[in-house]
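Visitor: mind folding the following:
(one chain, ligands or ions: 1)
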Amino acid sequence: MSDIEQKDKPATQPEWVKDERTLTNSALPSEEQDWFCDARPRRVEKHWQVLENFMNWARAHSLWILAFGTGCGAIEMRPLVTARYDISRLGMQMRPTPRQASVFVIGGYVSLKTLKRIVRSYEQMQGPKFVVAVCSCAINGGMYWDSYNTIKRIDEYIPVDVYVTGCMPRPEAVLAGFNLLKKLIREGKAEGQNLYADKFDWYKANQKQVIKDWNMPDYNW
Ligand code: SF4
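Guide: This is a model prediction of the structure:
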């Protein structure tokens, strides 16, 4: 099997998992291992249904976006915040840090180097949180399908709630993706965060399979 095929093959057996209950942070220097949380991510608990419906309605009308411009397609995010499309009138705004954002937008191809920052940023976001993958390159590899230093599918490393395909997708398509995300949130069907909690070992094993210089906590919280 070639290096490229090996790199993109999803892991089936997370051999690095030693303890089911806690994370080890074993890649960090011993004096730093206690600085970070060793608990795994958890599912978002559901409330009483009527309250949950109201909260989902509120969440859908207040999307705080962390736009991670990983590739050329991210240029189409700019028109969304200027006068022509003006997403702030639709309850959306850009935020400068993962700590303040609820929607993570991956805008373009993802190199191995960038993937490391994507994982850290995603895990630092507070829940409920959602991911929109923009561009064919992020979704299926696109024109970088056989590149030696990009990944083919971002959803093997973090969960994706909405896919916006195209090379490059126009702002109207990205806006349609946000509207679909709003619909999914209102209906309680944007379950990416729970998927990450449920399949944490699988995601983490896939991440560690391609990020060779793993010198960060096992869960960046
Ligand atoms: S899909 Fe096209 S526009 Fe988007 S990152 Fe790939 S090459 Fe660039």
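
Visitor: count of residues packed around Asp38?
Guide: Per other CB atoms under 10 Å, the neighbour tally for Asp38 reads 16. All C-beta spots, glycine's among them, are computed from the backbone N, C-alpha and C.

Visitor: do the one 3 residues further on as well
Guide: Residue neighbour count, defined by other CB under 10 Å, stands at 17 for Pro41.

Visitor: try the one 10 residues further on
Guide: Burial of Leu51 is recorded as 10 neighbouring residues (other CB under 10 Å).

Visitor: report the beta-bridge partners for Phe68.
Guide: Phe68 has the following beta-bridge partners by DSSP bridges: Ile106.

Visitor: my read: it touches Val119, true?
Guide: No - the criterion here is CB atoms under 8 Å, and Phe68 misses it with Val119 at 11.3 Å.

Visitor: okay, those two: which has more neighbours?
Guide: Legend: neighbour count by other CB under 10 Å for Phe68 and Val119, higher for Phe68 (24 against 21).

Visitor: what is the least confident helix or strand in the chain?
Guide: In the chain, the helix or strand scored least confidently by mean pLDDT, DSSP states H and E is helix 3-8, which has a mean of 54.

Visitor: helix or strand next in line after that helix, which one?
Guide: Sequence-wise, the next helix or strand downstream of helix 3-8 (DSSP states H and E) is helix 49-60.

Visitor: what's the offset of that next one from the middle of its chain?
Guide: Centroid separation between helix 49-60 and its chain, computed with CA atoms, centre = their mean, to the nearest Å, is 22 Å.

Visitor: pull out the buried residues from that helix.
Guide: Judged by neighbour count (16 or more other CB atoms under 10 Å), helix 49-60 contains these buried residues: 56, 59-60.

Visitor: may I have the longest helix seen in the chain as PDB, with CA atoms only?
Guide: Determined from DSSP state H, the single longest helix within the chain is helix 171-186. The C-alpha coordinates for helix 171-186 follow below in PDB (Å, rounded to 0.1, in the frame of the first residue of the first chain):
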ATOM      1  CA  PRO A 171     -21.500  33.100  -1.700                       C
ATOM      2  CA  GLU A 172     -25.100  32.100  -2.400                       C
ATOM      3  CA  ALA A 173     -24.200  28.500  -2.000                       C
ATOM      4  CA  VAL A 174     -22.400  29.100   1.300                       C
ATOM      5  CA  LEU A 175     -25.500  31.100   2.400                       C
ATOM      6  CA  ALA A 176     -27.700  28.200   1.400                       C
ATOM      7  CA  GLY A 177     -25.400  26.000   3.500                       C
ATOM      8  CA  PHE A 178     -25.900  28.200   6.500                       C
ATOM      9  CA  ASN A 179     -29.700  28.200   6.000                       C
ATOM     10  CA  LEU A 180     -29.600  24.400   5.900                       C
ATOM     11  CA  LEU A 181     -27.600  24.400   9.100                       C
ATOM     12  CA  LYS A 182     -30.200  26.600  10.700                       C
ATOM     13  CA  LYS A 183     -32.900  24.200   9.700                       C
ATOM     14  CA  LEU A 184     -31.000  21.200  11.100                       C
ATOM     15  CA  ILE A 185     -30.400  23.000  14.400                       C
ATOM     16  CA  ARG A 186     -34.100  24.000  14.700                       C
END
